[in-house]
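Peer 1: Need coordinates for the following:
(5 chains, ligands or ions: 4)
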Amino acid sequence: MNAKISFRDIVKTYPMKDGVFTALDHVSLDIADREFVTVVGPSGCGKSTLMSMAAGLTEPTSGEVLVDGAPVPGPGPDRGVIFQQYALFPWLSVRKNVEFGLKLMNLPPDERRRRAEHAIELVGLSDFADALPKTLSGGMKQRCAIARAYAVNPQVLLMDEPFGALDALTRVQLQDQLLDTWSRERRTVMFITHDVDEAVYLARRVIVMAARPGRVQQIVDVDLPYPRTEEMRLSPEFARIRNEVWHGVYHQPKAA
Amino acid sequence: MNAKISFRDIVKTYPMKDGVFTALDHVSLDIADREFVTVVGPSGCGKSTLMSMAAGLTEPTSGEVLVDGAPVPGPGPDRGVIFQQYALFPWLSVRKNVEFGLKLMNLPPDERRRRAEHAIELVGLSDFADALPKTLSGGMKQRCAIARAYAVNPQVLLMDEPFGALDALTRVQLQDQLLDTWSRERRTVMFITHDVDEAVYLARRVIVMAARPGRVQQIVDVDLPYPRTEEMRLSPEFARIRNEVWHGVYHQPKAA
Amino acid sequence: MTQLTTLGKPAAPAARRAAGRPRRTLVLNLVAVVLGLLVWTLLATIGVQGLPTPMEVAAKAGELVADGTLLQDALASLRRVLLGFLMGTLLAIPVGFLMGWYATARGLLEPYVQFFRTIPPLAIIPLAIVLLGIGEVPKVFVIFLAAFLSSVVSTFQGVVDVDKTLINAARVLGASDRTIFLKVVVPASTPFILVGMRVGLGSAWGTLVAAELIAAQEGLGYRMQQAQLYYDLSTIFVGLIAIGVLGLLMDRLLLLAERRLTDWQERR
Amino acid sequence: MTQLTTLGKPAAPAARRAAGRPRRTLVLNLVAVVLGLLVWTLLATIGVQGLPTPMEVAAKAGELVADGTLLQDALASLRRVLLGFLMGTLLAIPVGFLMGWYATARGLLEPYVQFFRTIPPLAIIPLAIVLLGIGEVPKVFVIFLAAFLSSVVSTFQGVVDVDKTLINAARVLGASDRTIFLKVVVPASTPFILVGMRVGLGSAWGTLVAAELIAAQEGLGYRMQQAQLYYDLSTIFVGLIAIGVLGLLMDRLLLLAERRLTDWQERR
Amino acid sequence: SDDGTTVRFGYIGDYNGASLLAVAQKQGLWEKQGLTPEIKVFTNGPLQIQALGAGDLDFGYIGPGAMWLPASGKAKVVSINTLGFADRVIGRPGVKTMQDLKGKKVGVPEGTSGDMVLNLALQKAGMTAADIEKVPMDAATVVSAFSAGQIDGAGLWYPLIDTIKVKVPDMTEIASTREYPDNSFPNAFVSGTDTDQELTTKVIKVLQEANDWRAAHPEETVTETAALLKLDPAKVKADAANVEVMSTADLVAKTKDGTVAKWLNSLGDFFVGTGQLKSLPEPSSYYTGDLYEKAYGK
Ligand SMILES: Nc1ncnc2c1ncn2[C@@H]1O[C@H](COP(=O)(O)OP(=O)(O)OP(=O)(O)O)[C@@H](O)[C@H]1O
Ligand SMILES: Nc1ncnc2c1ncn2[C@@H]1O[C@H](COP(=O)(O)OP(=O)(O)OP(=O)(O)O)[C@@H](O)[C@H]1O
Ligand SMILES: [Mg+2]
Ligand SMILES: [Mg+2]
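Peer 2: Ligands and ions are numbered 1, 2, ... in the order given. Predicted coordinates:
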């Protein structure tokens, strides 16, 4: 299989006062090149941990993470990450935050400028391009983080609840934008969300995880054609898949 | 009118390099005693700013905020706050975070313990009571912040997107718990959310705000009886109100 | 201003405070200085033997200003302190980074940094003379060492305390260690670095007297030692006050720099 | 351990590093010390005039240990430094808080703190003798002053930099200023406070020689000054090394305290 | 001295500063006068004068370099101790006369006896301070700077010169204190300005008896002093070689015939020259010679 990212029998434990806590328990998962997968699961089931391994920021206790068939070489600009906690550089304006990654690519200044402007516009922050993060509202911070990741235009996008702090309309707009970009440029996307609707609407496959210990519970294929449309959200097929995912998440057999 | 919290002609501006930015533009709003209002509106429209004024943490540039008819006397334990950014004390365990407010009330230790345990259990963190915040997932941090506010059992609850980082099931559970507590003990609740469904499900009135400048656009009464049930979510009346709110938020006439 | 309006104190006083702030601080500073002078006068006139009064010191200062000695001494000392201080604190930043970032560098450097930090500058002088002679170099070196050693701890801690998520954010954007240092660690630890610089500044001035033990021909520290031989307390006080005032001025400049550099911080 | 596994460096080395860390650090420390001794021996045997070799110093140390002088001196100095250091840094915490929190306190205290920070301890001695005599009190006082002045800046900065949202979170739970100070500001600024304490510790030891100018009858600083009368460099080196080692040990203890106290921090 | 029997006595940890106290203690001379000594070691004279002024000390010891302090009324000299001949002007190998130092760097701790001997040597050679490059520095600094070849000459004293000799064996002694018999460098014991006559007399008595014992037992004195100072006796002995000890009778005689006053005046001249003294005070205004004579009579 032509896997872009492979998780091979991943175990992640944390030492605790009383024994160890198993955050991920033998998780294996392949994400194909140019695939869009979403990950859902109860709070604390290890979604962020798994993603952080793909980013090269966390090491598994045992098991292996492969990118393009080779062990993950640490973090790199080929895999863009949007963190659950935004992680903006507080001393840089919105524009400078977005340009941070572009500077590292040694782009000519006007090209850099252009791409930053574009990403900022995409998330609707043009009027705040020169504002410092501390003056932004929660949703605006999140959008800035999104713009920063988009601007670099990485091959793989790892997104941890990227639209969690956004109002419904902005959210739908950004979902459609993301799908649009993805289908045009065919990036690989791993997208964590707690919104089942969103998970189904975006993905080719929905990874349903279970908690205590964190593991892959079920993988639901979404056999809806791209481009996805608002009508599809109302289709019976969508409702069926939605229910299947919901069921997978919330009627899990209790773990040992 | 028997208003618990009154916003009287509130203006909030921030100095900018080029002139001032108007975050709130002549906002007036009364929240009755024992009322449950939700606030929705686009990202950056001033929801958090408004709430922070009720908490006594931010001062309006002009206008007045009254609590029980008197100018807001600064922050106090009568008004519990759940911050959009959680604001947990990173050096305290979940339990100690939750007990923080209780200690300030000079409760006897076992009463304190009991109430903390209860609040922690309510949000499903019992197994992590002794964990430090840095070891919690995003959703778990948010639940800890919720437990901390609940434990003090304040007369007024000011909640800023409190369920934003939670998975759908946990979210529904906490919504029902909140409604349950609210109807039993009849607290005043001001609840910010970006989920229109949630806004309608919880509130007696939904305050719809508009952005640029931030202002109250519309107030939608929700004439559904309490206790609210899952069936109501599917009722045509719910759908109608939901649509009205959605319309209010997303089809706003553009401001000058 | 922002941080003051969000102080969370009742509305009116905070607003007033925000408005009148710079002037009020100045007034308080003046009050403090006047109080200090009063206490001093009291000590000098009533109790303590040998203590010159502020008037005597002022007269002596007048003399020293008139014949140009004070200006010349101040300039000589200022040059030494500035050089030593700048080199010391600027070197402390990369060294603090190395120690905070690479376990190897830390293991190798830390014993020395900690060891020499506790060694009094007076004790370094013989070695400095042997290795560097008796010109300006050993004087600046002693000051440099003091400034470096006292600010490196702070810088090091700043590096260690940088929020991990910010470093991760830079890494995933493809930043090298060097970039992370310059573009993330340095700005993020600016508050610590500036504390380090302010502490280093204090050490630099505090070491001046010791440094000017090395065959100085002029300088505030040298003048004070001369005066000590003659038990000329007024001149010693003029020297002390000149050092204090110059130190205070430089500290204010650093504070100003800090305000501008850490504007992005959310704080009270 | 946690911070090391999240270092973001390639998997294998980081894991290895985490496992072998304490031992590796120790080895590196030892390597550093051995290197230092080599350089010293080289300097002493080949180049530098008057420098005693490590062997000579060790022999002198043996003598001083044998006749009990070293132990007695070390204890006397340790007592002074500990007292002065503890009082100085503990006072720095509330004073730093007052200055960081109340604009009035800041306006009144800051000029003095900044002023005295730049004044060399040597210059304080005459005043200390006049006001406090020649017993233990003025010695401890001089050390206290040095420790206080160098750690108060750091504490102050820590207070100013405490995350506003945490203070707000405490306020809305009904915390008074006092509670906020004890329960939020102090823990949140622990990293700064501990930097302050470490810098203060350095200053305290560094001031020891000056303090023991005040008619000390025993102590490492006193012994070094005595040795200077006869230019007995070996004894001076024994004193320096004893000070350095004691300082290093105390610093390690502080570091240990820091590790335990700031365990909650997310960092590399 | 609350009950009038405790005497707080300051000293400096070398042969001159400590030998009498070591002897007095060992020979029980304090007890004979009904006094209890409390001796405190200092690193220099001015600090002791300060402690005398602050009331923390009753008596102290100063070298010639600090003699301008009693002369300016800060203390009283109660007894001359010895004459020091330890000071030299030294030069790097090849420097043979003061003329050779012309335009060269000469390190000197200002205001000390090293400075004095340099001045005298310059005078004798018909030169002034302007003829050399006088570099003021701390005594320990002079040692380092001279050994490291950073300066060409120095005004310094033994035992520090011994240290230099080890490093620069062929250094030269250009001038010595011994060459200036009219300009002796006496060191002395001092008290505060308000002298309690009775107590002072008793203390002088102790010092006189110790002085005579020291004059009679030079070897033992070195041993006792080394023991008190925890120093190598050889070092103390070398130190003592540059000291002229006089018997008490001799000192009394020299007080009577004005020799002591002459010494003090010649020091005073030096201090007037440096600016440390504004005018030359009458030695009797700060040397309590009468008490010294009386005590000897008892
Ligand atoms: N440093 C740590 N020490 C101990 N436990 C940790 C640590 N980091 C994470 N965990 C635990 O690992 C589990 C998985 O965390 P993770 O952040 O991956 O959850 P998540 O699925 O992203 O949850 P959420 O949806 O709430 O963000 C959690 O139970 C958390 O408590
Ligand atoms: N310190 C500040 N300086 C300048 N502008 C600020 C400051 N604080 C907030 N603002 C601005 O005020 C506006 C309202 O912010 P607020 O946080 O209240 O929005 P919000 O409605 O809560 O948005 P969200 O849903 O994204 O959290 C935003 O446009 C923000 O940029
Ligand atoms: Mg997560
Ligand atoms: Mg908000």
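
Peer 1: Would you map the helices across the stretch 101-250 of chain E?
Peer 2: Secondary structure of the stretch 101-250 of chain E (DSSP state H, counting those that start in this stretch): helices at E:113-124, E:139-147, E:160-167, E:197-216, E:218-229, E:233-240, E:248-256.

Peer 1: Show the pLDDT at residue 106.
Peer 2: I went with chain A, as the question did not name one. With respect to pLDDT, A:Asn106 scores 87.

Peer 1: should've been chain E
Peer 2: In this model, E:Val106 is scored at 92, pLDDT.

Peer 1: same question, C:Arg268
Peer 2: 47.

Peer 1: C:Arg260 too?
Peer 2: Predicted confidence (pLDDT) for C:Arg260: 78.

Peer 1: Helix or strand: which one has it?
Peer 2: Assigned by DSSP states H and E, C:Arg260 falls within helix C:233-261.

Peer 1: hmm, that helix in reach of chain E?
Peer 2: No - Helix C:233-261 stays clear of chain E (CB under 8 Å from any CB of the partner chain), getting no nearer than 10.7 Å. C-beta coordinates here come from the backbone N, C-alpha and C atoms, glycine included.

Peer 1: and that helix, does that touch chain D?
Peer 2: Yes - if you take CB under 8 Å from any CB as the test, helix C:233-261 does meet chain D, through C:233, C:236, C:239-240, C:243-248, C:251.

Peer 1: What is that helix packed up against?
Peer 2: Taking 3 or more CB pairs under 8 Å, 6 or more residues apart in numbering or on different chains; DSSP states H and E as contact, the helices and strands that helix C:233-261 lies on are helix C:54-66, helix C:69-101, helix C:190-206, helix C:220-229, helix D:103-117, helix D:121-132.

Peer 1: still on that earlier bit, could you point out which of the helices of the stretch 101-250 of chain E sits nearest C:Leu208?
Peer 2: C:Leu208 lies closest to helix E:139-147 among those, at 15.5 Å (CB to CB).

Peer 1: need the contact list for the residue nearest the centre of chain E.
Peer 2: A centroid search over chain E (CA atoms, centre = their mean) returns E:Gly63, at 2.6 Å, as the residue closest to the centre. Neighbouring residues of E:Gly63 by CB atoms under 8 Å, 6 or more residues apart in numbering or on different chains: E:12, E:16-17, E:45, E:84, E:112-113, E:185, E:187.

Peer 1: out of those residues, who's nearest chain A?
Peer 2: Checking the contacts of E:Gly63 against chain A by CB to the nearest CB gives E:Thr112 as the nearest, at 56.2 Å.

Peer 1: how much space between the closest one and A:Asp195?
Peer 2: 85 Å (CB to CB, to the nearest Å).

Peer 1: any idea which helix or strand comes after whichever strand or helix holds A:Gln175?
Peer 2: Following DSSP H and E, one finds A:Gln175 within helix A:168-185. Following helix A:168-185 in sequence order, the next helix or strand is strand A:188-192 (DSSP H and E).

Peer 1: returning to that earlier point: buried residues, the helix holding C:Arg260. List them.
Peer 2: Applying a neighbour-count criterion of 16 or more other CB atoms under 10 Å in any protein chain shown, one finds C:233-244, C:246-248, C:250-251, C:254, C:258 buried in helix C:233-261.

Peer 1: just so I know, which of the helices of the stretch 101-250 of chain E lies nearest E:Leu29?
Peer 2: The nearest among the helices of the stretch 101-250 of chain E, by CB to CB, is helix E:197-216 at 4.8 Å.

Peer 1: Quickly list the domain ranges of chain A.
Peer 2: A:32-59+A:69-78+A:154-256, A:86-153 (automatic domain parsing).

Peer 1: okay if I get the ones you listed as a markdown table plus mean neighbour count and distance to chain E?
Peer 2: Listed next are these as a markdown table, based on neighbours: other CB atoms under 10 Å in any protein chain shown; distance: least, CB to the nearest CB, whole Å:
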| stretch | mean neighbour count | distance to chain E |
| --- | --- | --- |
| domain A:32-59+A:69-78+A:154-256 | 19 | 52 |
| domain A:86-153 | 20 | 47 |
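
Peer 1: Columns distance to chain C on top of those domains, output as CSV?
Peer 2: Compiled in CSV, the domains of chain A are given as follows (distance: least, CB to the nearest CB, whole Å):
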stretch, distance to chain C
domain A:32-59+A:69-78+A:154-256, 3
domain A:86-153, 4
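
Peer 1: Relative to C:Phe116, which of those is closest?
Peer 2: Proximity to C:Phe116 (CB to CB) singles out domain A:86-153 among the domains of chain A, at 32.5 Å.

Peer 1: Check whether that closest one comes near chain B.
Peer 2: Yes - Domain A:86-153 lies within reach of chain B by CB under 8 Å from any CB, at A:130, A:135-140, A:143.

Peer 1: is that domain up against ligand 4 anywhere?
Peer 2: Yes - judged by CB under 5 Å from the ion, domain A:86-153 comes into contact with ligand 4 through A:137-138.

Peer 1: Next, the distance between the ends of that domain.
Peer 2: Length of domain A:86-153, first residue to last, CA to CA, to the nearest Å: 18 Å.

Peer 1: Run the chain-centre distance for that domain.
Peer 2: Its chain's average C-alpha position is 18 Å from that of domain A:86-153, according to CA atoms, centre = their mean, to the nearest Å.

Peer 1: got it, and stretch E:153-168?
Peer 2: 18 Å.

Peer 1: How about it and chain C, touching?
Peer 2: No - Stretch E:153-168 does not reach chain C (CB under 8 Å from any CB); its nearest approach is 10.3 Å.

Peer 1: picking that back up, how about the helix holding A:Gln175, does it get close to chain B?
Peer 2: Yes - Helix A:168-185 lies within reach of chain B by CB under 8 Å from any CB, at A:168-171.

Peer 1: circling back to that earlier point, and the residues of domain A:86-153 next to chain B, which two are the farthest apart?
Peer 2: Of all pairs drawn from the residues of domain A:86-153 next to chain B, the greatest distance, 19.4 Å, lies between A:Asp130 and A:Gly138 (CB to CB).

Peer 1: wait, what's in contact with the residue nearest to A:Gln177 when sequence neighbours are not counted?
Peer 2: Computed as CB to CB, 6 or more residues apart in numbering or on different chains, the closest residue to A:Gln177 that is not its neighbour in sequence is A:Leu122, at 6.1 Å. A:Leu122 is in contact with A:147, A:150, A:177, counting by CB under 8 Å, 6+ apart.

Peer 1: Tabulate those residues (JSON lines), appending pLDDT.
Peer 2: Converted to JSON lines, the contacts of A:Leu122 look like this (pLDDT from 0 to 100):
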{"residue": "A:Ala147", "pLDDT": "94"}
{"residue": "A:Tyr150", "pLDDT": "92"}
{"residue": "A:Gln177", "pLDDT": "90"}
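
Peer 1: quick check, nearest of those residues to E:Ile164?
Peer 2: Looking across the contacts of A:Leu122 and measuring by CB to CB, the closest to E:Ile164 is A:Ala147, at 72.4 Å.

Peer 1: between the helix or strand that contains that closest one and helix A:168-185, how big is the angle?
Peer 2: A:Ala147 belongs to helix A:138-152 when assigned by DSSP H and E. Computed by axes from the mean of the first three to the mean of the last three CA atoms, to 10 degrees, the angle separating helix A:138-152 from helix A:168-185 equals 10 degrees.
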